[in-house]
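Chemist: dropping a prediction and its sequence here:
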Amino acid sequence: MSKRVVITGVGAVTPLGNDVKTFWDGISKGKNGIGRITRFDPSEQKATMGAEVKNFEYPDQRAARRMDLFCQFGMQAAKEAIEMSGLVSGENIRPEKISVIAGSGIGGIMTLEDEIRKAEKKGIKRVSPMLVPMVIGNILAGNIAIEFNAKGNCVDIVTACATGTHAIGEGMYHIMCGRADAVIAGGAEAPFGPACFSGFANMTALSTRTEPDRCSTPFDKERDGFVMGEGAGIVILESLDHALERGAKIYGEIAGYGTSCDAYHITSPAPDGGGAAQAMREALRTAEIKPDEVSYINAHGTGTPYNDLFETRAIKDVFGEFAKTVPVSSTKSMTGHLLGAAGAIEAIVCLKAIEDGIIPPTINIKVPDEELDLDYVPDVARHVDLKYAMSNSLGFGGHNGTVIFKKYEE
C-alpha cells in the first residue's frame, strides 16, 4: 500500500456560502460573512455579532427533524464531498474499507437548550424522545456512516477548536496504517444557543464591537476577541493507490500532521507558544520538509489578544529567519470562528489555495501591532504558486493540531 494520502472530495457549509465554490469565492475575494445575530435576540448579550450560515435548508426535511443543526450542516457537507469524490460504497470501494472520523466541539447545544426550555414551560413529559440522539457529539459520524454505508472505523473526535484538524490528521494516519482505503473526515458546529453564546461572551472571549468590519480583527492591535461562527467542513481522504486505481480526480495531498498539548491552562494558550510550535514541528517532520519549503500558513488567528500574540511567537520559534517571509493569514476574519469545524473549513481553504495559486487575505487589519510583525497578507489576496500549505488549530484545554497539505504531483 502507498503511504501517500490524497484528497478526492471536499464539502462545506459556511457563513460565506453553502458549497465549496461559493465559500472559496468569498474567501478569495475577502468577503465578510459577519453580521448581527439572528438565531436569537442578542440585545441583552455582552456580544451581538456572529458569523451565521445563511439561506440553509436541509434537503430532507423529515430527516432534519431528527438532527440538530450541527448535524444537518455536517451531513450536507459530507454529501457534497462524497459526490465530488465519486466514492460509492459497494461499487468502487468495499464498505468495511471506508471509515468516518468526524466531530463537533459542542454538539447539539441548540437542541439541548430548546428542550430544557420546553421542559421548564410544559413539563418533562414533553421533552423530545429524540433529544439524546440529536445532542450527542458522535451522532454526526454515525449519521454519515449510515448515509454512505461506511462500515469501517467510525470515530468521533472532540478536541474543542482543534476537532476538525485532528479528525483530518487522524484520518491520514488511519489510511497510512492500512485500516481504511478512504476516510470521511471533518467537523461541524452550530453553537448559537443563547446560553452557550452567553457562556463565551461572559468569559470575555468574544468581541463586543458592533461594526462587522471591526469585530473579527486577527493580528490587529485593537483586537478584542473572536466572533462565533457556524457551519461544517468535510474532506474525503483516500490512499493514493486506491484513488488511482478507480481513476479519481485528486485535489491535493495531505503530507504532514502534528499534535501536542500545552498542559498549561483550560482556555489560554501557553504564552511562549511552545505547544503550537511542537505541533508545527511534528507536522514538518512527518511531511519530511523544512520550514522554508512552506508556501503559506493558515493561522488559527482568532483575534483574541493572547492567541494572536502567542501563535506569532510559535511561528517565529519554528520558522526562525524564514518567519517573516512566509505569508500568514487568518480566514477567521471573514468566517468567524467555527470552533470544532474551523480546522475542517480551513483545510479546504489550504487545498483551494494550492489548487488556484491564491493566498487568501486577513481582512480588517487597520491598526498594526508592533509585536505582531509577520506577513499577515492584509486586505487583498495574492496570486502565488503554492506547493505546501500549513493549517494550525489551537483548542481550549491546550489541544494543538497542525496539518500540511501539498500540491499533488504524480
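Modeler: Sure, I can see it. Residues are numbered from 1 along each chain as shown.
Chemist: ranges for the strands of the stretch 151-300 of the chain?
Modeler: In the stretch 151-300 of the chain, the strands defined using DSSP state E, counting those that start in this stretch lie at 154-155, 182-189, 231-239, 252-261, 296-298.
Chemist: deepest-packed of the ones you listed, please.
Modeler: Counting by mean count of other C-beta atoms under 10 Å, strand 182-189 has the highest mean neighbour count of the strands of the stretch 151-300 of the chain, with a mean of 35. All C-beta spots, glycine's among them, are computed from the backbone N, C-alpha and C.
Chemist: direction included, what does it pair up with?
Modeler: strand 98-103 (parallel), strand 231-239 (antiparallel) (DSSP bridges).
Chemist: turn those into a markdown table, columns for distance to Ile365 and mean pLDDT.
Modeler: Shown next, in a markdown table, are the strands paired with strand 182-189 (distance: least, C-beta to C-beta, whole Å; pLDDT from 0 to 100):
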| stretch | distance to Ile365 | mean pLDDT |
| --- | --- | --- |
| strand 98-103 | 31 | 98 |
| strand 231-239 | 23 | 98 |
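Chemist: quick one: closest of the ones you listed to Ile266.
Modeler: Ranking the strands paired with strand 182-189 by proximity to Ile266 (C-beta to C-beta) places strand 98-103 first, at 19.0 Å.
Chemist: count of residues packed around Lys121?
Modeler: 8 (other C-beta atoms under 10 Å).
Chemist: need the CA coordinates for the helix or strand hosting it. CSV is fine.
Modeler: Under DSSP states H and E, the secondary-structure element containing Lys121 is helix 109-122. The C-alpha coordinates for helix 109-122 follow below in CSV (Å, rounded to 0.1, in the frame of the first residue of the first chain):
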residue,chain,number,x,y,z
ILE,A,109,-26.3,22.5,22.1
MET,A,110,-29.1,24.3,20.3
THR,A,111,-31.4,21.3,20.7
LEU,A,112,-30.4,20.9,24.3
GLU,A,113,-31.2,24.5,25.2
ASP,A,114,-34.6,24.2,23.3
GLU,A,115,-35.6,21.1,25.1
ILE,A,116,-34.6,22.4,28.5
ARG,A,117,-36.8,25.5,27.9
LYS,A,118,-39.6,23.2,26.8
ALA,A,119,-39.3,21.1,30.0
GLU,A,120,-39.4,24.2,32.2
LYS,A,121,-42.5,25.6,30.4
LYS,A,122,-44.5,22.4,29.5
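Chemist: how far does that helix sit from the chain's center?
Modeler: With C-alpha atoms, centre = their mean, to the nearest Å as the basis, helix 109-122 stands 28 Å off its chain's centre.
Chemist: now that helix: mean pLDDT?
Modeler: The average pLDDT for helix 109-122 rounds to 97.
Chemist: how about stretch 164-173?
Modeler: Rounded mean pLDDT across stretch 164-173 is 98.
Chemist: so which bits of it are buried?
Modeler: Of all the residues in stretch 164-173, those buried under the rule 16 or more other C-beta atoms under 10 Å are 164-172.
Chemist: got the angle for the lengthiest helix in the chain vs helix 109-122?
Modeler: Taking DSSP state H as the criterion, the chain has its longest helix at helix 69-85. Angle of helix 69-85 versus helix 109-122, following axes from the mean of the first three to the mean of the last three C-alpha atoms, to 10 degrees, is 150 degrees.
Chemist: hmm, back to that, after the helix holding Lys121 comes which helix or strand?
Modeler: Immediately after helix 109-122, counting by DSSP H and E, sits helix 131-135.
Chemist: next one: that next one to chain centre, how far?
Modeler: 23 Å.
Chemist: closest to Ala63 out of the strands paired with strand 182-189?
Modeler: Counting by C-beta to C-beta, and looking across all of those, nearest comes strand 231-239 at 15.5 Å.
Chemist: how about the CA coordinates for that closest one, as PDB?
Modeler: The C-alpha trace of strand 231-239 is given here as PDB (Å, rounded to 0.1, in the frame of the first residue of the first chain):
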ATOM      1  CA  GLY A 231     -21.000  25.500   9.700                       C
ATOM      2  CA  ALA A 232     -19.200  22.400   8.600                       C
ATOM      3  CA  GLY A 233     -16.300  21.100   6.500                       C
ATOM      4  CA  ILE A 234     -15.700  17.600   5.300                       C
ATOM      5  CA  VAL A 235     -12.900  16.100   3.200                       C
ATOM      6  CA  ILE A 236     -12.500  12.700   1.600                       C
ATOM      7  CA  LEU A 237      -9.100  11.200   2.300                       C
ATOM      8  CA  GLU A 238      -8.000   8.300   0.200                       C
ATOM      9  CA  SER A 239      -4.900   6.200  -0.300                       C
END
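Chemist: tell me what angle that strand forms with strand 252-261.
Modeler: 110 degrees.
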